[in-house]
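Engineer: sequence-free structure coming up:
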């Protein structure tokens, strides 16, 4: 059931959160006065009936049920009748209850997820215009009422009566000694550790979907973005999604010896306009105007490269976007905050993301990120980059791409390779078995996984949508232009394929479906990074030798350094929103810019020798993904640990499959099983030290 909580973050459309906030309860009702005496009576009675060996289970179950029982659930007689009827006092009954709940919850999660996927299809896929009723369908989530229903019909109380809840501390302390069945029981109970009303869940879903839809359409038409002198630098029809494609274009431009540097400076200026919300509103996803981001001047387009119509109701002016970016972020915060009173053990979204979703305490996450950011290896790596570029570093060099093996290929060359190979999404789908075999999967396992993946053309940059039941398939969404898939799309598709392979193994091949998945988002990102790091080999380009492997390690380290600061910005912004719940979008805008500058000045200005840069605030995830960004640097660390193990084992495929079937246990337990060591940056830092020695020979 916890998966339903997570799914709710990503579905639905615009809603007046302020109106809902006034109508929703602000605190959970208190427990009935008679509860303690009824519980004591039931403990004595049922311990006598089932034996003293059941007393500890009975005490725990009564306490767990009591924490959630409210007056509307029934009086003392109803409570006592419920407990007598539903306490499983012998192992056979408990086993039957466990098996049936596991099977039926898989069906519930699976079909609700299936409905959500189908209802969002027009929003997510590149299949024609989005009409108003499409947004309504995308905004409807039938699972919003499930938790309410399960408490109302007592199915949730039956779980809490019979299976143990566990805090993060208990999982960390006792989890290594639990059996797989014990882990599955804990995950079953944790699905009902909150009693959040349906209207709160729906508000969260609606805010998330609204923000995601806003981001999915935040394209910049680069042919119409001019440099300081008013010249066009980018090819016709180039439409880049913020922030993903803008960042990737910066990376690609290192291969452009003629215009790469000036193009990167232009993109940096575009990014800064987006973060500070000084971007003219009319230039967003609009090829009918030309824009100089340095002067911020907007004019009617002097050249045409698209048949797209000018947006209605938007005059051609330089008027800035009116803090829309931060309004969307603020609405996700306000929606998330509605759940706080119903989550006493994790009373903020920040607590829930770290202690429940990641199961790594915030202090430890920040310590790991700061360990990378403060490492002396940063300055050494920066000096190497500067020597290779032959110029002082500039802020956009935080996305330096020159360490990647194969980076001598231009973007145009890579685009040509990819577009010939994958003119359509269907062409990529047919090639998945071959790609997996190249990654070391046995042919039969490659075919098995490929048969469980469906490739769709994405409206946005791309994403992976796994299944929640074994009879369904995972979906890989990637952007395919009319001229075919380009290299950016391929790189993202390989990443999303990594997600889909993990999703297939961790659902279909696991012992308990209640454990399906991985410990947290960082782990699925890590496994996807493993695939993405081999994208050039999958195109038939040479595998890295020892020198190239050192380059790849430096690339991993530099990428972790970059995204670690972004993660700290995301954390800082959410803390600021909780400290200033009544702030305006403009105040949130200013605060985000200030937090971005402060993190930059502390960890990046000493390296780049430029202060007050705001680029760390450009990531679109911050607007729509509910404090997701810290998962990326953790994912880089985990990915490095995982790939080091795969390298020792000699192949990706079998090790990937072994790791993915460990399931949703705590991160350190999973990582010790996978690699022999807990989660941390140690392996990456050690390898970076060695790689610097190799790269500078």
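Structural biologist: Okay, I see it. Not measured: the values here are computed from a predicted model.
Engineer: Which pLDDT value goes with residue 387?
Structural biologist: At residue 387, the pLDDT value in this model is 96.
Engineer: just the strands in the stretch 551-697 of the chain please.
Structural biologist: Assigned by DSSP state E, counting those that start in this stretch, the stretch 551-697 of the chain shows no strands.
Engineer: That one: helices as residue ranges?
Structural biologist: Applying DSSP state H, counting those that start in this stretch to the stretch 551-697 of the chain gives helices spanning 585-603, 605-608, 621-624, 631-649, 653-660, 667-675, 682-695.
Engineer: now the angle from the fifth one to helix 631-649?
Structural biologist: Direction vectors for helix 653-660 and helix 631-649, defined by axes from the mean of the first three to the mean of the last three Cα atoms, to 10 degrees, enclose an angle of 130 degrees.
Engineer: who does helix 653-660 touch, helix- and strand-wise?
Structural biologist: Helix 653-660 is packed against helix 443-450, helix 487-508, helix 521-532, helix 631-649, helix 667-675, with contacts defined by 3 or more Cβ pairs under 8 Å, 6 or more residues apart in numbering; DSSP states H and E. (C-beta placed from N, C-alpha, C; glycine too.)
Engineer: same thing but 10 Å
Structural biologist: Secondary-structure packing of helix 653-660 (3 or more Cβ pairs under 10 Å, 6 or more residues apart in numbering; DSSP states H and E): helix 425-438, helix 443-450, helix 487-508, helix 521-532, helix 631-649, helix 667-675.
Engineer: With mean neighbour count added, can I get those in CSV?
Structural biologist: Formatted as CSV, the helices and strands packed on helix 653-660 follow (neighbours: other Cβ atoms under 10 Å):
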stretch, mean neighbour count
helix 425-438, 18
helix 443-450, 18
helix 487-508, 25
helix 521-532, 24
helix 631-649, 23
helix 667-675, 20
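Engineer: Which among those is found nearest to residue 109?
Structural biologist: Checking the helices and strands packed on helix 653-660 against residue 109 by Cβ to Cβ gives helix 487-508 as the closest, at 10.3 Å.
Engineer: between the closest one and helix 653-660, how big is the angle?
Structural biologist: 60 degrees.
Engineer: ok, the closest residue to residue 595 other than its chain neighbours - contacts?
Structural biologist: Closest residue to residue 595 apart from its sequence neighbours, by Cβ to Cβ, 6 or more residues apart in numbering: residue 572 at 4.4 Å. By Cβ atoms under 10 Å, 6 or more residues apart in numbering, the contact set of residue 572 is 591, 592, 594, 595, 596, 598, 599, 616.
Engineer: most surrounded residue in those residues?
Structural biologist: residue 616 (30 neighbours; other Cβ atoms under 10 Å).
Engineer: For it, list the residues it contacts.
Structural biologist: 275, 395, 398, 562-570, 572, 592, 595-600, 603-604, 622, 629.
Engineer: Check residue 295 too.
Structural biologist: Contacts of residue 295 (Cβ under 10 Å, 6+ apart): 226, 228, 230, 318.
Engineer: For it, give me phi and psi.
Structural biologist: phi -90, psi -20 (degrees, to the nearest 10).
Engineer: burial of residue 367, as a residue count?
Structural biologist: Residue 367 has 12 nearby residues by other Cβ under 10 Å.
Engineer: Just say helix, strand or coil for it.
Structural biologist: helix (DSSP: H, G, I helix; E, B strand; the rest coil).
Engineer: Can you list the helices and strands that the helix or strand hosting residue 65 packs against?
Structural biologist: According to DSSP states H and E, residue 65 maps onto helix 55-68. For helix 55-68, the elements it packs on are helix 35-50, helix 76-86, helix 155-162, helix 180-190, judged by 3+ Cβ pairs under 10 Å, 6+ apart.
Engineer: Out of those, which one sits most buried?
Structural biologist: With neighbours defined as mean count of other Cβ atoms under 10 Å, those peak in mean count at helix 155-162, which reaches a mean of 23.
Engineer: Include mean pLDDT when you put the helices of the stretch 551-697 of the chain into TSV, please.
Structural biologist: What follows is the helices of the stretch 551-697 of the chain, written out as TSV (pLDDT from 0 to 100):
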stretch	mean pLDDT
helix 585-603	98
helix 605-608	98
helix 621-624	94
helix 631-649	88
helix 653-660	95
helix 667-675	95
helix 682-695	92
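Engineer: Compute the number of surrounding residues for residue 629.
Structural biologist: The burial count for residue 629: 21, using other Cβ under 10 Å.
Engineer: List the backbone torsions phi and psi for it.
Structural biologist: Per degrees, to the nearest 10, the backbone of residue 629 is at phi -60, psi -30.
Engineer: I figured it was touching residue 570, is that so?
Structural biologist: Yes: taking contacts as Cβ atoms under 10 Å, residue 629 lies within contact range of residue 570: 3.9 Å.
Engineer: what do the two both touch?
Structural biologist: Contacts common to residue 629 and residue 570, judged by Cβ under 10 Å, 6+ apart, are 616, 619, 621, 622.
Engineer: Just the buried ones among those residues, please.
Structural biologist: Buried members of the shared contacts of residue 629 and residue 570, counted by 16 or more other Cβ atoms under 10 Å: 616, 619, 621, 622.
Engineer: Could you export the residues you listed to JSON lines, including columns for distance to residue 260?
Structural biologist: Output for those, formatted as JSON lines (distance: Cβ to Cβ, whole Å):
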{"residue": "616", "distance to residue 260": "22"}
{"residue": "619", "distance to residue 260": "23"}
{"residue": "621", "distance to residue 260": "26"}
{"residue": "622", "distance to residue 260": "27"}
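Engineer: quick one on the thing from earlier: so which of the helices and strands packed on helix 55-68 comes closest to residue 662?
Structural biologist: Nearest to residue 662, of the helices and strands packed on helix 55-68 and by Cβ to Cβ, is helix 180-190 at 9.7 Å.
Engineer: and the helix or strand that comes right after that closest one, how far out from the chain's middle?
Structural biologist: The C-terminal neighbour of helix 180-190 among helices and strands, as given by DSSP H and E, is helix 198-216. Remark: helix 198-216 is offset 15 Å from the chain centroid, using Cα atoms, centre = their mean, to the nearest Å.
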